[in-house]
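Novice: Task: produce atomic coordinates for the following.
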Amino acid sequence: MTAIGFIGLGVMGGPMAANLVRAGFDVAGFNRSPAKVQRLVDVGGRGAASAVAAAEGADVVITVLPDSPDVEAVLLDGVLDVLAPGAVVVDMSTIRPDVARSLAAAGDERGVRVLDAPVSGGEQGAVDATLSIMVGGDAAAFEAVRPVFDALGRTVVHVGPPGAGQTVKAANQLIVAGTLQLVAEALVFLDAHGVDRSRAVEVLAGGLAGSAVLDRKAAAMLAHEFTPGFRVDLHHKDLGIVTAAARDAGVAIPAGSLAATLMAALRAQGHGDLDHSALLLQVEQLSGRSAP
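Specialist: Down below sits the predicted model:
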C-alpha cells in the first residue's frame, strides 16, 4: 500500500485525497485549516501536524496549493529534504511552468523525482475522480505513480518534460476563460432578443458550439448561481501565468489578453470569491441589463 503525503486539502485537494483513501492508499494529509484535515480523517485518512510531517515516510507526496510561491515554500523549506531518494513529488497545483522546471531540478539534486501534474475538471471532477491530468516530468516516474493518477482522473496523459504539464494547463485556462466569456455574451444576447435561453442552450450544446464549459456552467449561469467551483481569484492568477508565458515565448494571444483583462475587472469589482462563470455579471452590466 503506497504511502501518500497530501498537502493542501481545499476545494480540490480535499476530495482528491478522500478518493485516494477510498482507492486503498495510506494517506496522511495536512492543511492549515484543522477542519479540513479532520474531514480526511473522517473518511479514513490520517492527519498530519505540518507539511513536513505529512511527507515523512511517504513514497509519494502530492501538493494542491494556490500559487507558485506556496509550492516553492512547501517543497524547498523542508519537504524535499525529508523524502528518501526515489520518492516522487507530484505537484497538482497550477503554477508557472518555469517554477515547475526549477522544482524538478531541485528534486534531482536530492534524488527525488518531481512531476508537475495540474488538473482540469473543477470541484465536481475532483469529487467524481474524473479529472483530466496533464503531467510533465520524468516518464519513468510518471509510470511509477500511474495508479495514483488513475484513482483521481479519467484522462491522464504524460505531455512532456518538466514544465510541460503546467504549459498545457495554461492553455486549458486560456480556452476556458475565453469560452466562459463567449457563453456569457451569448446568454445576454439571447435574452435581449426574448429567446428562451434554456431551450437555446439545449440546441447549442448539441452542435458545434457545444463544449464542456457550456454543459457544466450554463445552467448555473441561467440561475445566477455563482457558488464557486473555481473562483475568479484563481482564474485571474492562472491568466497571469498564461500572459507571462506567452510574452516570454513571443506569442500573441489577443483574445486571451482580453479575457485576462475582463477577469481582472470582474475581480476588481469585488467578485473574486465567486465562480468564474460570474463573467456573466459583467456582460450584463456592460449591456445595461439586469438579471432576467
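Novice: Which phi and psi values does Leu187 adopt?
Specialist: phi -70, psi -40 (degrees, to the nearest 10).
Novice: To clarify, my last question referred to His158.
Specialist: Dihedral angles (degrees, to the nearest 10) for His158: phi -80, psi 110.
Novice: so it bridges to which residues?
Specialist: Val135 (DSSP bridges).
Novice: Spit out the contact partners of it.
Specialist: Val135, Gly136, Ala139, Phe142 (Cβ atoms under 8 Å, 6 or more residues apart in numbering). To be clear about C-beta, it is placed using only N, CA and C from the backbone, and glycine gets the same treatment.
Novice: Next, count neighbours for the second one.
Specialist: I take that to be Gly136. The number of residues packed near Gly136 is 27, by other Cβ atoms under 10 Å.
Novice: Go ahead and confirm it touches Leu115.
Specialist: Yes. Distance between Gly136 and Leu115: 6.7 Å, which falls inside the contact criterion (Cβ atoms under 8 Å).
Novice: Please enumerate the shared neighbours of those two.
Specialist: With Cβ under 8 Å, 6+ apart, Gly136 and Leu115 have common neighbours Pro162, Gly165.
Novice: residue ranges with poor pLDDT in the stretch 51-200 of the chain?
Specialist: Judged against pLDDT under 70, the stretch 51-200 of the chain has no low-scoring part.
Novice: if you set the cut-off to 90 instead, what comes out?
Specialist: The stretch 51-200 of the chain contains residues with pLDDT under 90 at 122-123.
Novice: quick one, helices of it?
Specialist: 51-55, 68-74, 80-82, 97-109, 122-128, 139-144, 146-150, 164-192, 197-205 (DSSP state H, counting those that start in this stretch).
Novice: which helices and strands does the second one pack with?
Specialist: In terms of contact count using 3 or more Cβ pairs under 8 Å, 6 or more residues apart in numbering; DSSP states H and E, helix 68-74 is assigned the packing partners helix 97-109.
Novice: again, only using 10 Å
Specialist: strand 3-7, helix 51-55, strand 60-63, strand 88-91, helix 97-109 (3 or more Cβ pairs under 10 Å, 6 or more residues apart in numbering; DSSP states H and E).
Novice: partner strands of the first one, parallel or antiparallel?
Specialist: Spelled out, that is strand 3-7. Going by DSSP bridges, the partners of strand 3-7 are strand 26-30 (parallel), strand 60-63 (parallel).
Novice: what are the C-alpha coordinates of the helix or strand just after it, in CSV please?
Specialist: Later in the chain than strand 3-7, the nearest helix or strand by DSSP states H and E is helix 13-22. Presented in CSV, the C-alpha positions along helix 13-22 are these (Å, rounded to 0.1, in the frame of the first residue of the first chain):
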residue,chain,number,x,y,z
GLY,A,13,-7.4,18.7,-2.7
GLY,A,14,-9.9,17.5,-0.1
PRO,A,15,-12.0,15.3,-2.4
MET,A,16,-8.9,14.1,-4.2
ALA,A,17,-7.3,13.0,-1.0
ALA,A,18,-10.5,11.3,0.0
ASN,A,19,-10.6,9.4,-3.3
LEU,A,20,-7.1,8.1,-2.7
VAL,A,21,-8.2,6.8,0.7
ARG,A,22,-11.1,5.0,-0.9
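Novice: Fine, thanks again, bye for now.
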